[in-house]
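1. Any chance you can model this:
(2 chains)
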Amino acid sequence: MQANYELFSGRTRSAIKTLDQISIWSGKAFAWLIIPMVLCLVYEVFARYLFNAPTLWAYDMTYMLYGSHFMLGAAYTLAMQGHIRTDFFYRLWPVRWQGTIDSFLYIFFFFPALALWLWAGYDYAAISWVRGEVAISSPWKPIIYPFKTVMPVTTVLLMLQGIAELAKSLYAARYGKWPIIGTEIDDGEQI
Amino acid sequence: MSPEILGLVSLATLFVAICVGFPISFTLLFLGVVFGYIGFGDTVFFLLVVQTFGVMRETLLAAVPLFLFMGFILEQAGLMDRLFSGFRMMLANVKGSLYIAVLVTATLFAAATGIVGASVTILGVMAAPIMKHAGYDVKLSAGSIAAGGTLGMLIPPSIMLVVMGPVVGVPITELFAAAVIPGVMLAALYMFYAVARSYMNPALGPALPDEEKADSVGEIIKELLIGIVPLAVLIMSVLGSILAGLATPTDAAAMGALGAFLLSVVYRRLTWERLKKAIFQTMLVSSMILFLVATSNFYGAVFARLGTATMIAETLVALELAPMVLLILVLGLIFLLGWPLEWVPIVLVVIPILLPAVESVGIDLLWFCTLVAVCLQTAWLSPPVALSAYYIKGVVPDWSLRDIYAGMMQFMVIQVIGLLLILFFPQISLWLPTLLFRN
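-> Residues are numbered from 1 along each chain as shown, chains lettered A, B, ... in the order given. Modelled structure (predicted):
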């Protein structure tokens, strides 16, 4: 599900390419969080049943890894056209309409909602940093502010990728062709 | 405008916006913010971050990426191939043996993964050419591949059930227990149907030619030991430890992922490239599902605060329908929505709206969830929107779409029979969880 960069020229091309690369590279990097997630839980299970010494930290680590994993992957999923859409009607429409509707909704739905989320999430994380907040519900009392920062980071990554997606939609609206290779818009069919 | 009516307007807008085809997560996010702001002002932003953070901290949902990872490793390692050839050899003398081999492989794979579409494609690639070569009936072949592939939605560790548990407020463990017997029952019904047809008319599923048969019993036993036993042990230990209450689904999923990894290393099927592919696929699918969980959870919180869900429930209850009638109406609606929508938005958006009504007439939620799961599985098999049909067509281009549909329809009828059985004999679903957890 790669974009066809040849169709764009000059600065637009390098901008879209860079934005795509940021999302894809970061998403692939964060995807590896699944490995420590598995290891934490496996260690915990062995510690609990074999050594009879459950850890204090495994569950905190698990939710932090899991929460960061899917949130920080959201922009990558957007770049790979992976966020589920109802294509029941959508796929029947001419590409120009698809592009027009998508452009419109990126501008009026996507960016305003994410900007507000960024603003709220930034405050939420900033307060946590200032207070040096720890998770009081856990006996381990880990610091929680890095984890809370995941939310604003996610929104920034999504907005960056949103710019690239908006450019692709505008192209589709104008030229009646998606600048994406293997264009069948996929909708998570493999679950 | 009263808050309840505002909620209804947001729901109508949501329905239109979802049908337009913009990614659902962002639609939910936007509508939640807008209608929440109109309804109760600045609080909506607080709700947005707190609700999202709640989902990010939900250890139960960590089972989603872990089970996906386990499934993608097993898929990348080509274990299904091995299972299929094992069963094929074992059953060569039986009429309709390939149907059984497909369905048993699909059932075991469903018990190991919880993913739907992928298994339809793999089953198609593996089985369809062999079935064609052996002169098997096109309709029955396509139908059994499609039906077998949908079992992953129902048989634990189904990803759908993992997501449904927290949404409905039922323990995932109990949900798994409730789905085991219905899943096995449906698989058995499929097999019974395919074999019965083959015995009545051997032309539909002839016994295999001699060159397909194993040379000796020893060879069959060897294939069984190597191909089937380790996977069966993996499945039994993952599901067994969950159902015995020894491990939470999240713990078991992590152990299962490790087990799948070790198994595919021992089989020498896991390469660096395949491992990377499994890791990236896990990221894409879990982010798609869980990001939608987060945004729909936020929208749901706004909707609940506006009081509309309660209003819908009160209206439905005021109609004084018998619980059974209400249940059938709800299931019918879910089945219809299962055509345009995927299971993810249905479970996350539609069910929470209908849930208060279902709860208020005292319907057992475990039973309800099982029925919903079977219902959505049926929708997966119903032409003309069933994606399985396109997968199969993609794999075997010379099977006509019409034959594929006709085959799927036959299995859809079996699905409906299964659904009615569970509807009229709730024990099929409730017996095991009652035995394990409720005494």
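2. use CA for all of it now, contacts and neighbours both
-> Will do.
3. For the least confident helix or strand in chain A by mean pLDDT, what is the distance to the chain centroid?
-> Ranking every helix and strand in chain A by mean pLDDT, DSSP states H and E puts helix A:87-90 at the bottom, with a mean of 82. Mean-position distance between helix A:87-90 and its chain equals 23 Å (CA atoms, centre = their mean, to the nearest Å).
4. List the contacts of that helix.
-> Under the criterion CA atoms under 8 Å, 6 or more residues apart in numbering or on different chains, residues A:Gln98, A:Asp187, B:Cys19, B:Val20, B:Gly21, B:Pro340, B:Leu341 lie in contact with helix A:87-90.
5. wait, which of those residues is closest to B:Met56?
-> Among the contacts of helix A:87-90, A:Asp187 lies closest to B:Met56 (CA to CA), at 23.0 Å.
6. Skipping adjacent residues, who's closest to the residue nearest the centre of chain A in space?
-> In chain A, the residue lying closest to the centroid (CA atoms, centre = their mean) is A:Ala74, at 1.4 Å. With sequence-adjacent residues excluded and distances taken as CA to CA, 6 or more residues apart in numbering or on different chains, A:Ala74 is closest to B:Ser287, at 5.7 Å.
7. Likewise for B:Pro23?
-> A:Arg85 (4.4 Å).
8. so where's the chain shaky on pLDDT?
-> No chain in the question, so chain A it is. Applying pLDDT under 70 to chain A picks out residues A:1, A:182-191.
9. To clarify, I was referring to chain B.
-> For chain B, the stretches with pLDDT under 70 are B:116-118, B:210-214, B:384-387, B:439.
10. Next, the contact list for the most centrally placed residue in it, please.
-> Among the residues of chain B, the one closest to the centroid is B:Met153, at 1.2 Å (CA atoms, centre = their mean). Neighbouring residues of B:Met153 by CA under 8 Å, 6+ apart: B:Ala110, B:Gly114, B:Ile115, B:Val116, B:Ile159, B:Met160, B:Leu161, B:Ala373, B:Gln377.
11. So which elements touch the helix or strand hosting B:Arg274?
-> Using DSSP states H and E, B:Arg274 falls within helix B:272-306. With contacts defined as 3 or more CA pairs under 8 Å, 6 or more residues apart in numbering or on different chains; DSSP states H and E, helix B:272-306 has these neighbours: helix A:10-31, helix A:58-72, helix A:74-79, helix B:3-20, helix B:24-40, helix B:43-56, helix B:63-76, helix B:343-345.
12. Would you tell me which of these gets closest to A:Trp140?
-> For A:Trp140, the closest of the helices and strands packed on helix B:272-306 is helix A:58-72, at 8.1 Å, according to CA to CA.
13. tell me the angle the closest one makes with helix A:10-31.
-> If you take axes from the mean of the first three to the mean of the last three CA atoms, to 10 degrees, helix A:58-72 sits at 160 degrees to helix A:10-31.
14. Show me what counts as buried in helix A:58-72.
-> Of all the residues in helix A:58-72, those buried under the rule 16 or more other CA atoms under 10 Å in any protein chain shown are A:58-72.
15. Stretch B:217-234 too?
-> Using 16+ other CA under 10 Å as the test for burial, stretch B:217-234 gives B:Ile220, B:Glu223, B:Leu224, B:Gly227, B:Ile228, B:Leu231, B:Leu234.
16. what do you get for stretch B:150-168?
-> So for stretch B:150-168, counting by 16+ other CA under 10 Å, buried means B:150-165, B:167-168.
17. what residues does the strand or helix carrying B:Gly143 touch?
-> Using DSSP H and E, B:Gly143 maps to helix B:138-150. Helix B:138-150 is contacted by residues B:99, B:102-103, B:106-107, B:110, B:116-117, B:119-120, B:123-124, B:128, B:131-132, B:187, B:190, B:194, B:204, B:377, B:380-381, B:388-389, B:392, B:399, B:403-411 when judged by CA under 8 Å, 6+ apart.
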